[in-house]
Each structure stands twice: as structure tokens, then as C-alpha cells.
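Undergrad: using only what follows, build the 3D model:
(chains A, B, C and D)
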There are 4 protein chains.
Amino acid sequence: MKDPLQPEGGFAALVGYRLGRWREGHAEILLEVGSRHLNRSGVLHGGVLTTMIDAAGGFAGCHSAEPGVVRRAFTLSLDCHFVTNAPAGSELIASARKTGGGRQIFFSTIEVHDQDGRLIAQGAGVYRYRGTGGA
Amino acid sequence: MKDPLQPEGGFAALVGYRLGRWREGHAEILLEVGSRHLNRSGVLHGGVLTTMIDAAGGFAGCHSAEPGVVRRAFTLSLDCHFVTNAPAGSELIASARKTGGGRQIFFSTIEVHDQDGRLIAQGAGVYRYRGTGGA
Amino acid sequence: MKDPLQPEGGFAALVGYRLGRWREGHAEILLEVGSRHLNRSGVLHGGVLTTMIDAAGGFAGCHSAEPGVVRRAFTLSLDCHFVTNAPAGSELIASARKTGGGRQIFFSTIEVHDQDGRLIAQGAGVYRYRGTGGA
Amino acid sequence: MKDPLQPEGGFAALVGYRLGRWREGHAEILLEVGSRHLNRSGVLHGGVLTTMIDAAGGFAGCHSAEPGVVRRAFTLSLDCHFVTNAPAGSELIASARKTGGGRQIFFSTIEVHDQDGRLIAQGAGVYRYRGTGGA
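TA: Presented below is the predicted three-dimensional model:
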């Protein structure tokens, strides 16, 4: 049975991240770094971190307390800073917080830590709710 | 036989992007959008675009004309703007240009177009060459 | 007499930038670097460049061919990369191009060059037209 | 007498911001919004916020406990998100925190609040210490 709280998209399954705690204005994206996440230099590909950051920031603005109501958004812009490396085996948590916005646009900031609490990366995104008209 | 000009990293293989034309200061990353690249809303996941943008921008600064010499870099920061959607079946090209820098740091700008020349996303990155000391 | 094509805002006057060529989808912001634009290290303050980048990117989406029609926008996000320094006396041009968007949101990319054509900084912004509802 | 703890640069004086609390890894930049900080739409110019964000993030990495030792840095990249407007009369505080880095590069995140604690803008920067070699 499909878990309605999990991101069911193809890319989430491909990359292997999953949704952790999720509540109004907050979301966590979890991923264990494996060899499939490394780049040609053998270190974590920046794209894995930007994917986690993008997803966490989007979910932070899309929680709905009403059963059956699904909110969706798309990303307008995303900024990521890569503070330090995370080797294979690291258990990463991207923690996002919606920081503002309104009916159509929202802002999120995101931090990625490893299992020891080290800051691996940070980011910020601007998102637009779907169903509020074209750009 | 491993193609020495292709990105051999695990994440490149997982996502399915490949290196296109590559010369001093320029690099292209190619990807055909499949269902595994979509998000839970059925549209291209932002993480696919940020991955292509990150990779293209990095390669743009790492070309080497000397056989056997491999330059590598890691990303310090990456900014991405998502201009319009690209459906499954789209053939995307991320074209990166190194715009400046020096011995340790370089800057790249990147544009992602589809097969019809539409601008899908744009980005910019700051990279650091590996082997030039810790951060 | 007030020039209707010039930015009449207080901050434009304070910083001393002015609008150059302006047409649909394109705008130039001009500034001559003086000692009042330097930071405590005696080099051009990053804030001068971000101000030029922000203004140019916004104007690029706000040109109107109809007399008396004024379009306005506010910035949602701005990314700036500082490629090289520009000493006092430099004549800077920030050239912006609107790269996409729709009725409510638009995207711009901006490059700042000096009088010798050197790239000083680059940026990208996401803007929202005023009068299209709160965020 | 020149206050050694204040930013003595020309642009700081022009814009009218000042350094608040400053300690290892943290810095505050203060500014009261006046009419000279507004844009042609009569609202706070984005360049004022990016200037505060840039300065705060840079100071956060440059505190020195040793008398007479002055650390300086230049900005490599800066990202800013504009969450809500701040009218003339607002007393803004940009609070920056150095989040990582090493001997040559450091990362900062910055939040700008008004006197009522509302989040006005947020940003992140990558900086390079001066005197560690060219880019």
C-alpha cells in the first residue's frame, strides 16, 4: 500500500530519499549516503544535497492538516551552500522551515546535518503553490 | 571500457546524465527526461535540474588539454532558477561557461534548454579546485 | 524637470546609479565607482554591485511601450557572484535580460562589466509584478 | 576619533548602516529605514537589504579577539530572499552567523528582522579571507 505521507515521485525513489517528520511549516528529508550518490571524485554529489534541499523546502510549505487535501508547489529559485563533505554511510537530515510568504508564494530555509549534527549544507528556496495560475 | 571523458560517478549513472561537448571553459551535460525524473506532481523534479547545473558548471572549469591530467573541483555554492517546466521525453542540454576565477576558485554560469531551444532553467556556481588546500 | 525614464527613488539618487538603455526585456544600470562606494578594505562594496544587479534585473521586466503606463515589480530573490574587483574610477554597466516568466513572475539574468569589458559580477533574480495580489 | 569597531568604509557611511554586536562567528548590522533607502515605488530598495546582508555575513567571519589584528574578507557569492516589506521608520537588524569554512573560505547565513521581530529578508554568503592568495 502506498504511504500517502511519502513522496511518491519517481526521482524520490531513484535517489532514495524519504520524508521524515512533517508538520505545518516544517519538513525533514532523510537519506543515507551510498556509493550511488557519489561523484567522479568519490565524494557526495552536490546534486544529492540540492535534491534534498529542494524537496525539504517544498514540503515545508505544503503540509495540510485536512485529510485528503494535498498541496503542491513548484520551485522558482533555489540556493545551496556546501559547507563540508559527507562520506558514504552518512545519514543526512535536511530540515526545512517555511519562513514567510502568502497565498501564492512561500519561502523556506533548509539545513542539512549528518547523524553527528555537523552542518553539511544549507539552502533557501522560493516556491509557488500550484493551482494559483501560471507564472 | 570506461570512457575517460564520461563522468564515472555513481550519481551520474543513477540519474542518467552524460557529458556532451567539453572544452576549455565550456561543458555540456545531456539528459533525456524519463518518468524516474519526475516528482510527486508528475513534473520534472527540481533536483534533476540542479544536478545537471552543478555538474555542467563544475566540468566547465575542469577541462584539461593534457592527456592523463584530471582536474577536479567541488562546489561552494549553487544558485538555480526554474523558468519553465520540461515534460517527460524532453531532451535537455545544460550548457556551462566558466566566467572567471583563478588558481583556486572559479565561477560558472549555466543554462538548461530543451530540444526546441526553450530556456528551462538557469544557474550559477562557485567552485573550488581540489588539491588547493582545505576550505 | 524629472526625467520619467530615470529611477527617481531615494536609494538610486543616494548610490548614484542611473538607468541606461531600456527596452522590452532589457535594461542597463550605469554607475561610476567613487570613494563613497568602497568598503572598509578600500575596494568596491558588494552592496553596490547587488544594488545595480537588483535594479537592472527589475527594470528588464518593467519596460512599457505605452506612454504613461508604469510597470513595477518587487524582488523575491537575488543571487550575486563577485568575479573580480573594480577600483574607484571604474565605469560599470549592469546589463539585464528578462529570461522568462508570465503575468505575475519574471526571471532576469544580469552581468556587470567595466568600461574595458571585463566581467565584474553576475547575478540572477526572481521578481513579482506589483498589483498582482499579495505574496 | 574613529571608532575601531565601526565599519569605516565610504559605502557604510553613505547608506548609514552601523555595526552592532560583534563576536566570534556572529555580527549584527543596524539601519533605520529612511526615505533615502526607498525605491521608485516608495518601498525599501532591495539593495539596502543586500548591502546589510553582505556586510553582516562578512563581519561574522572577521572578528578578532586580538587587539590590532584586523581580518578582512571579500564576498564570492551572496543569495538574498525578500520575505516582506519594511516601511520607512523601520529599525532593521541583520544578524549573521558564520556556519562553517576554514582557513581561506567561510560561509555565513543572515536574517534581517525589524524592531517587532518580523523576518524581512534572509540570505547566505560565501566569503574569502583576504591575504590568502588571489582567487
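
Undergrad: how about residue A:50: what's its closest non-neighbour residue?
TA: With Cβ to Cβ, 6 or more residues apart in numbering or on different chains as the criterion, residue A:50 has its nearest non-adjacent residue at 3.7 Å, and that residue is residue B:50. For every residue, glycine as well, the C-beta is placed using N, CA and C.

Undergrad: helix or strand for the one you found, which one?
TA: Taking DSSP states H and E as the criterion, residue B:50 maps to helix B:46-60.

Undergrad: excluding chain neighbours, what is closest to residue A:83?
TA: Spatial nearest neighbour of residue A:83, chain neighbours left out: residue D:100 (3.7 Å); criterion: Cβ to Cβ, 6+ apart.

Undergrad: I meant residue A:129, not that one.
TA: Nearest to residue A:129 is residue A:73, by Cβ to Cβ, 6+ apart, at 5.1 Å.

Undergrad: same check, this time on residue A:125
TA: That would be residue A:57: by Cβ to Cβ, 6+ apart, it lies 3.9 Å from residue A:125.

Undergrad: near the one you found, how many other residues are there?
TA: 31 (other Cβ atoms under 10 Å in any protein chain shown).

Undergrad: then residue A:106?
TA: So residue A:106, with other Cβ under 10 Å, has 24 neighbours.

Undergrad: try residue A:21
TA: 10.

Undergrad: cool, residue A:64 as well?
TA: Using other Cβ under 10 Å, residue A:64 has 10 neighbouring residues.

Undergrad: is the nearest residue to it once chain neighbours are set aside in a helix, a strand, or coil?
TA: Among residues not flanking residue A:64 along the chain, residue A:71 sits closest, at 5.2 Å (Cβ to Cβ, 6+ apart). Three-state call for residue A:71 (DSSP: H, G, I helix; E, B strand; the rest coil): coil.

Undergrad: what sits against residue A:71?
TA: Taking Cβ atoms under 8 Å, 6 or more residues apart in numbering or on different chains, we find residue A:71 in contact with A:61, A:62, A:63, A:64, A:129, A:130.

Undergrad: looking at the fourth one now. What's its pLDDT?
TA: By that I understand residue A:64. Looking at residue A:64, its pLDDT reads 88.

Undergrad: what helix or strand is it on?
TA: Residue A:64 is part of no helix or strand, with elements assigned from DSSP H and E.

Undergrad: thought residue A:73 was touching it, still the case?
TA: No - here residue A:64 does not reach residue A:73: they are 11.8 Å apart, not a contact under Cβ atoms under 8 Å.

Undergrad: can you show me the strands along chain A?
TA: Ranges of strands within chain A are A:18-23, A:26-32, A:73-82, A:91-101, A:105-113, A:119-129, based on DSSP state E.

Undergrad: in TSV, list those strands along with mean pLDDT.
TA: Shown next, in TSV, are those (pLDDT from 0 to 100):
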stretch	mean pLDDT
strand A:18-23	96
strand A:26-32	98
strand A:73-82	97
strand A:91-101	98
strand A:105-113	98
strand A:119-129	97
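
Undergrad: could you dump those into a markdown table and include distance to residue D:91?
TA: Shown next, in a markdown table, are the strands of chain A (distance: least, Cβ to Cβ, whole Å):
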| stretch | distance to residue D:91 |
| --- | --- |
| strand A:18-23 | 32 |
| strand A:26-32 | 29 |
| strand A:73-82 | 27 |
| strand A:91-101 | 19 |
| strand A:105-113 | 22 |
| strand A:119-129 | 24 |
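
Undergrad: out of these, which is closest to residue D:32?
TA: Nearest of the strands of chain A to residue D:32, taken as Cβ to Cβ: strand A:91-101 at 22.0 Å.

Undergrad: give me the contact list for the closest one.
TA: For strand A:91-101, using Cβ under 8 Å, 6+ apart, the contacting residues are A:20, A:25-33, A:49, A:52-53, A:55-57, A:59-61, A:86, A:106-115, A:120, A:127, C:135, D:81, D:83-84, D:119, D:122.

Undergrad: that one vs strand D:73-82, what angle?
TA: 60 degrees (axes from the mean of the first three to the mean of the last three Cα atoms, to 10 degrees).

Undergrad: from the chain's centroid, how far away is strand A:91-101?
TA: Between the centre of strand A:91-101 and the centre of its chain there are 7 Å (Cα atoms, centre = their mean, to the nearest Å).

Undergrad: in CSV, could you pull the C-alpha coordinates for that strand?
TA: Extracted in CSV, the C-alpha atoms of strand A:91-101 (Å, rounded to 0.1, in the frame of the first residue of the first chain):
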residue,chain,number,x,y,z
GLU,A,91,22.8,9.6,7.5
LEU,A,92,21.6,13.0,6.3
ILE,A,93,18.7,15.0,7.5
ALA,A,94,17.5,18.1,5.6
SER,A,95,15.4,20.2,8.0
ALA,A,96,13.3,22.9,6.3
ARG,A,97,11.4,25.7,7.8
LYS,A,98,8.9,27.9,5.9
THR,A,99,9.9,31.4,6.8
GLY,A,100,7.2,33.5,5.1
GLY,A,101,5.0,34.1,2.1
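
Undergrad: any idea of the angle it forms with strand A:105-113?
TA: Using the same axes, to 10 degrees, one finds that strand A:91-101 and strand A:105-113 are set 160 degrees apart in direction.

Undergrad: partners of strand A:91-101, with directions?
TA: Sheet pairing for strand A:91-101, assigned by DSSP bridges, gives strand A:26-32 (antiparallel), strand A:105-113 (antiparallel).

Undergrad: interface residues of chain A facing chain D?
TA: Counting by Cβ under 8 Å from any Cβ of the partner chain, chain A comes close to chain D at A:79, A:81, A:83-84, A:99-101, A:107, A:109, A:119, A:122-124, A:126.

Undergrad: and with 7 Å instead?
TA: Residues of chain A found near chain D (Cβ under 7 Å from any Cβ of the partner chain) are A:79, A:81, A:83, A:84, A:99, A:100, A:107, A:109, A:119, A:122, A:124, A:126.

Undergrad: tell me the contacts of the first one?
TA: The one in question is residue A:79. A:123, A:124, B:79, C:79, D:79, D:124 (Cβ atoms under 7 Å, 6 or more residues apart in numbering or on different chains).

Undergrad: please tell me how far residue A:115 sits from chain D.
TA: 17 Å (Cβ to the nearest Cβ, to the nearest Å).

Undergrad: give the closest residue to that residue in space, chain neighbours not counted.
TA: residue A:91 (4.2 Å).

Undergrad: quick check, distance from stretch A:42-50 to the centre of its chain.
TA: Counting by Cα atoms, centre = their mean, stretch A:42-50 comes out at 14 Å from the chain centroid.

Undergrad: again, but for stretch A:18-26
TA: The chain centre lies 10 Å from the centre of stretch A:18-26; the measure is Cα atoms, centre = their mean.

Undergrad: kindly report the same for stretch A:111-118.
TA: 14 Å.

Undergrad: what's the first-to-last distance across it?
TA: Distance between the two ends of stretch A:111-118: 10 Å, counting by Cα to Cα, to the nearest Å.

Undergrad: residues from chain A in reach of chain B?
TA: Within reach of chain B by Cβ under 7 Å from any Cβ, chain A has these residues: A:7-11, A:14-15, A:35-41, A:43, A:45-48, A:50-51, A:54-55, A:72, A:74-82, A:130.

Undergrad: among those residues, which ones are buried?
TA: Those of the residues of chain A next to chain B that meet the buried threshold are A:7, A:9-11, A:14-15, A:36-40, A:43, A:45-48, A:50-51, A:54-55, A:72, A:74-82, by 16 or more other Cβ atoms under 10 Å in any protein chain shown.

Undergrad: leaving out chain neighbours, which residue sits closest to residue A:40?
TA: Spatial nearest neighbour of residue A:40, chain neighbours left out: residue B:9 (4.1 Å); criterion: Cβ to Cβ, 6+ apart.

Undergrad: fine, thanks again, bye for now.
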